[in-house]
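> I'll drop the sequence and a predicted model, then ask my questions.
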Amino acid sequence: MQKVVRTAVIDAPLPRVWEILRDFNSHTAWHPVVAQSEIEGNEPSDRVGCVRNFTLKDGARIREQLIALSDRDHTFTYCILDADVPLERYVATVTLKPVTDGNRTFWHWQSTFRTPPGRERELTDMVGKGVYEGGFAGLRQYLARGRAASGPAVGSGETYETDAVVFERAGGPEVLKLRRVQVPPPGPGEARVCHAAIGVNYFDIYVRSGVVPAATPGSVLGMEAVGVVTDVGPDVTNVMPGDRVAYAIFPPGSYCGLRTVDAQNLIRVPEDVSNEVAAAGLLKGLTAEYLLFRLHPLKAGEVVLVHAAAGGLGAMVTQWASALGATVIGTVSSDEKARDARAHGCRHVIVTSDCRFAEAVRRATDGHGADLIIDGLGERGVSENLAAAAMFGHWVNLGNATGPITALSVAGLSDKSVTFTRPVLFHYTADPRRLGAMADRLWAAIRSGAVRPVIGETFALGMVAEAHRRLESRTSRGSLVLVP
């Protein structure tokens, strides 16, 4: 029986290296000898028992199975099921440990196997040098490529200036002004991010107009952005310079070219998701995730009423709910938007400009009503939402397009045992582990095609006032994105 052991130190924090390696199919991105690979049966690539079927660049084919994985100990074990290479009873284990300084990772890779007589030296060198040492070098290069793509030269410890959009006072789009602001270096637990795309949300309008006092006049607006980490402060282990990341956080401040943020709020963006798609879809996608999987775990066959079904959030909720087997009814303000809503998966579409929809909902459901209502209408939709709700229905209010709800009758809810909820996304994303799980589910849904963030229009940062006008006028379709 042959035994091969190789070790290396990787210049990256352990959580970053472990996130890459625990994906049993990630070697296509970083290992220099792997040509292509897939997980059989579309199983998750970190599920014990999954099988990866891959081809080396020399044409050899190998099937390997993940037989153990521990996130606590940062280790996994796998074996070869069959291969063109004559390695019999091959079992390998990868173990990671933090180096003393906390920002580097010790990687231990070992295996045992049998070889045909006379080929011991040849195959031992192939595994030790070609597979293991080649893998160490490949991962270092993979991480270095990310660092090289980190954008402008920004050094730790220095303050830089960037363009940013502030609101001078509460009011209309005319109060938005482009200003130069200073961006401090990252402190402990912080990272500085060079933005590539910025999401525009209706919440930004609430803040600008003073409806939601989430920021003081003179502050930078915006809740979400996508970009590249330029530098990090002490004690940051989840991201490193060069990582492409996204965030959706509170308080506001994303309408700018460069920003320093709490690193635990950053989510790495998969290579196959573009900056614009991530900016258009993160905040709305995380909202859709908690609505349909946490706040109201949706069941196939339920009826979902989605207001503004052609908008950014409405489109994502509609798509995801439809993929989960729900019947979606959408309200829109025009025939053109009705076509969009149907394309997103609405079974029934109601065109209304005066918040009248309850009768149409009950007619479309043979009197049953909506089991789940996703409402951004606010005050003028109260009586209609109550009338449209099914017995034991769940009415979720997320916005105030027609003004905030000032009073809600408990008796009105009790008529049909309706549950009313006024949730806040940032309560759900406050825990980094839960945030990571929500983001993973969103990226998976985007990859599968269940969710397709719709980018309506893209505006330069200096044209943000026009973007707000378009969103407020209800003429926009899909999500709006700013580009610094």
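Happy to help now that I have it.
> what's the pLDDT at residue 154?
For residue 154, the pLDDT comes out at 58.
> then residue 147?
We have a pLDDT of 54 for residue 147.
> buried sites along the worst-scoring helix or strand of the chain on mean pLDDT?
In the chain, no helix or strand scores lower on mean pLDDT, DSSP states H and E than helix 134-148, which sits at a mean of 81. Going by neighbour count (16 or more other Cβ atoms under 10 Å), the buried part of helix 134-148 is 134, 135, 136, 138, 139, 140, 142, 143, 146, 147. C-betas here are computed from N, CA, C, even on glycine.
> what lies in contact with that helix?
Around helix 134-148, the neighbours that count as contacts under Cβ atoms under 8 Å, 6 or more residues apart in numbering are 6, 8, 10-12, 16-17, 20-21, 27, 29-33, 107, 109, 240-244.
> what's the following helix or strand after it?
Where DSSP states H and E defines the elements, the next helix or strand beyond helix 134-148 is strand 160-167.
> can you give me the strands for the stretch 151-300 of the chain?
160-167, 176-183, 190-200, 224-232, 244-248, 258-262, 267-268 (DSSP state E, counting those that start in this stretch).
> tell me what angle the fourth one forms with strand 244-248.
With axes from the mean of the first three to the mean of the last three Cα atoms, to 10 degrees as the basis, strand 224-232 and strand 244-248 are set at 130 degrees to each other.
> convert strand 224-232 to CSV, retaining C-alpha atoms only.
Extracted C-alpha coordinates of strand 224-232, given in CSV (Å, rounded to 0.1, in the frame of the first residue of the first chain):
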residue,chain,number,x,y,z
GLU,A,224,-27.1,47.4,-2.0
ALA,A,225,-24.1,47.2,-4.3
VAL,A,226,-21.7,44.7,-6.0
GLY,A,227,-18.0,45.2,-6.3
VAL,A,228,-14.5,44.0,-5.5
VAL,A,229,-12.8,44.1,-2.1
THR,A,230,-9.8,46.4,-2.3
ASP,A,231,-8.4,46.0,1.3
VAL,A,232,-9.5,44.6,4.6
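> quick one: residue 405 from residue 291, how far?
18 Å (Cβ to Cβ, to the nearest Å).
> these two: which has the busier surroundings?
Neighbour totals were compared for residue 405 and residue 291, and residue 291 leads with 27 against 18 (other Cβ atoms under 10 Å).
> I'd like to know how many residues surround residue 38.
By other Cβ under 10 Å, the residues close to residue 38 number 14.
> next one: residue 381
Residues lying near residue 381 (other Cβ under 10 Å) number 26.
> same deal with residue 124?
Residue 124 has 16 neighbours, counted by other Cβ under 10 Å.
> now residue 17
Using other Cβ under 10 Å, residue 17 is surrounded by 22 other residues.
> my read is it is in a strand, agree?
No: assessed with DSSP: H, G, I helix; E, B strand; the rest coil, residue 17 is helix; it does not lie in a strand.
> isn't it up against residue 106?
No: contact between residue 17 and residue 106 fails when scored by Cβ atoms under 8 Å: they sit 9.7 Å apart.
> find the residues that touch each one of the two.
Common neighbours of residue 17 and residue 106 (Cβ under 8 Å, 6+ apart) are residue 96.
> ranges for the strands of the stretch 1-150 of the chain?
Using DSSP E, counting those that start in this stretch, strands in the stretch 1-150 of the chain cover 2-10, 34-39, 51-56, 61-70, 75-83, 88-98, 105-114.
> could those go into CSV alongside mean pLDDT?
Below are the strands of the stretch 1-150 of the chain laid out as CSV (pLDDT from 0 to 100):
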stretch, mean pLDDT
strand 2-10, 95
strand 34-39, 94
strand 51-56, 95
strand 61-70, 96
strand 75-83, 97
strand 88-98, 96
strand 105-114, 96
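> and those: which comes nearest residue 416?
Closest approach to residue 416 among the strands of the stretch 1-150 of the chain (Cβ to Cβ): strand 34-39, 45.8 Å.
> adjacent strands (with direction) for the closest one?
strand 51-56 (antiparallel) (DSSP bridges).
> how far is the strand it pairs with from where the chain is centred?
28 Å (Cα atoms, centre = their mean, to the nearest Å).
> got the angle for it vs strand 61-70?
For strand 51-56 against strand 61-70, the angle by the same axes, to 10 degrees is 130 degrees.
> can you show me the CA trace of strand 51-56 as PDB?
C-alpha atoms of strand 51-56 as PDB (Å, rounded to 0.1, in the frame of the first residue of the first chain):
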ATOM      1  CA  VAL A  51     -20.100  11.600  -7.000                       C
ATOM      2  CA  ARG A  52     -18.000  13.900  -9.200                       C
ATOM      3  CA  ASN A  53     -17.300  12.600 -12.700                       C
ATOM      4  CA  PHE A  54     -14.400  14.500 -14.300                       C
ATOM      5  CA  THR A  55     -12.000  14.500 -17.100                       C
ATOM      6  CA  LEU A  56      -8.300  15.400 -16.900                       C
END
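> so the residue nearest the centre of the chain: helix, strand or coil?
Nearest to the geometric centre of the chain sits residue 439, at 3.8 Å (Cα atoms, centre = their mean). What three-state DSSP gives for residue 439 is helix.
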